[in-house]
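Participant: turn this into a structure:
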Amino acid sequence: MTEQVNDPQVRSGGPFVGPGEGRRARPYDASARQERAARNKEAVLDAAQELLLSRGYGATTIAAVAAGAGVSQESVYKYFGTKAGLVRQIYERGLRGAGPVPAEMRSDAAQEQEADPRRLMETLGELSAEVLSQGAPIWILIRDAAAGGHAELIQHLEQIRDEKYRRMLLIARRLLRSGHIKPSLTEEQAADIMWFYTSPELYEVLVLQRGWDAPRLAGFVASGLAAQLL
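Facilitator: Predicted coordinates:
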């Protein structure tokens with residue numbers, strides 16, 4: 001004869017185990033959903049960049065971007081807010097460069113670790129050409145659309161310029177402090193020199209108009225920085 005168990009704690013599994021223990025669902029794992037969202041975002045950025053550079057800002061619609069990426073229009077708006085916000089994110093992606101490590105991190109490491117100033121200028125030239133190849137075409141698109149009166153892109157363009165100048169000023173301050181560049185320069189002078197040699201306008205003139213390739217541009221930037229800063 002089976003003895004009936006009347007202790008409610010025993011019937012429920014005791015004071016440390018709740019009812020239904022063993023049947024409890026596994027904790028929700030959000031990693032798969034996050035990975036899918038990340039892939040979708042990259043697909044949207046890729047599709048948008050291709051359409052923007054081939055059709056222009058005004059002729060590129062969110063519907064076309066969504067179709068090209070294989071996602072819904074609602075997803076594009078959810079990820080990026082507006083078409084201008086999407087364009088800004090494409091530009092920000094370009095600033096990371098082509099390598100697995102963001103170009104800014106590689107630049108910072110070179111500034112801290114490279115003892116030879118000329119070799120440092122070569123590295124900065126290479127990184128500049130890499131980033132310009134990725135980001136300058138989108139910057140030009142932003143500039144031209146802003147000139148056409150797109151208010152949100154006007155704001156983005158101003159922010160991009162402000163952020164770049166702050167970055168150049170930070171590098172100039174760091175290089176002066178480490179003795180990598182001549183002390184007769186002020187921070188502002190050094191920042192202006194780097195601003196010029198890393199400008200999207202330089203890429204536009206030398207690469208898009210004159211047909212230079214990335215290695216030639218990198219060498220030009222490196223020699224120009226060395227001549228002006230060292």
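
Participant: and this protein, what are its domains?
Facilitator: Listed domain ranges for the chain are 30-81, 84-229 (source: automatic domain parsing).

Participant: next, the distance between the ends of the shortest one.
Facilitator: When you say that, I think you mean domain 30-81. Across domain 30-81, the terminal residues are separated by 23 Å (Cα to Cα, to the nearest Å).

Participant: stretch 53-63 too?
Facilitator: 16 Å.

Participant: just how off-centre is it within its chain?
Facilitator: Computed by Cα atoms, centre = their mean, to the nearest Å, the separation of stretch 53-63 from the middle of its chain amounts to 21 Å.

Participant: contacts for it?
Facilitator: Stretch 53-63 has contacts (Cβ atoms under 8 Å, 6 or more residues apart in numbering) with 48, 51-52, 73, 76-77, 83, 86-87, 137-138, 141, 144-145, 148, 150, 153. Yep, even glycine has a C-beta here, placed from its N, CA and C like the rest.

Participant: next one: stretch 140-155
Facilitator: With Cβ under 8 Å, 6+ apart as the test, stretch 140-155 has contacts from 52-53, 56-58, 82, 84-85, 87-88, 91, 156-157, 160, 200, 204, 208.

Participant: show the buried residues in those.
Facilitator: For these, a burial check counting by 16 or more other Cβ atoms under 10 Å picks out 52, 57, 84, 87, 88, 91, 156, 157, 160, 200, 204.

Participant: just the buried residues of the helix or strand containing the first one, please?
Facilitator: Spelled out, that is residue 52. Assessed by DSSP states H and E, residue 52 sits inside helix 31-55. Using 16+ other Cβ under 10 Å as the test for burial, helix 31-55 gives 40, 41, 43, 44, 45, 47, 48, 49, 51, 52.

Participant: check stretch 139-159 too.
Facilitator: Neighbour-count burial for stretch 139-159 flags 139-143, 145-146, 150, 152-154, 156-157 (criterion: 16+ other Cβ under 10 Å).
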